[in-house]
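Q: Sequence first, predicted model second:
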Amino acid sequence: MTDAMYQRMLERAEAQSSKKGPSKLPDEKTITLYVTSHGTSITVSNVIELALSEGIVEAKNRKGELFILGLGDILAAAINANDERGAGRRAGFVG
């Protein structure tokens, strides 16, 4: 993911940005991040807060788990509304 893609993701998710803290999503939205590195992939779901600094993304989910990811390792993101959670897999992603 590029910086421009990251900023577009926050914009489209209507995240509230803060200069000193993470960007927070509205209560009705979450983000799913699709991450791949060295042939291994993971899905980080139910993300509600994001912060970017020096190419490092900190993603916090609804459970309070904090994921530290390289911006360049994030392949894609899906923006979900509450009624869309659990809707199943999206085409092209295994997870």
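A: Cool, got the structure.

Q: Return the distance of residue 54 relative to residue 79.
A: From residue 54 across to residue 79, the span is 25 Å (CB to CB, to the nearest Å). The way it works is simple: take the backbone N, C-alpha and C, and place the C-beta from them, glycine included.

Q: residues in contact with the closest residue in space to residue 48 that isn't next to it in sequence?
A: In space, and not counting its chain neighbours, residue 48 is closest to residue 25: 5.2 Å by CB to CB, 6 or more residues apart in numbering. Shown in contact with residue 25 (CB atoms under 8 Å, 6 or more residues apart in numbering): 13-16, 31, 47-50.

Q: Recalculate using a threshold of 6 Å.
A: Contact analysis of residue 25 by CB atoms under 6 Å, 6 or more residues apart in numbering lists 13, 15, 48.

Q: from the middle of its chain, how far away would the top strand by length along the chain be?
A: If you go by DSSP state E, the chain has its longest strand at strand 40-53. Relative to its chain's centre, strand 40-53 lies at 4 Å (CA atoms, centre = their mean, to the nearest Å).

Q: same deal with stretch 16-32?
A: How far stretch 16-32 lies from its chain's middle: 10 Å, per CA atoms, centre = their mean.
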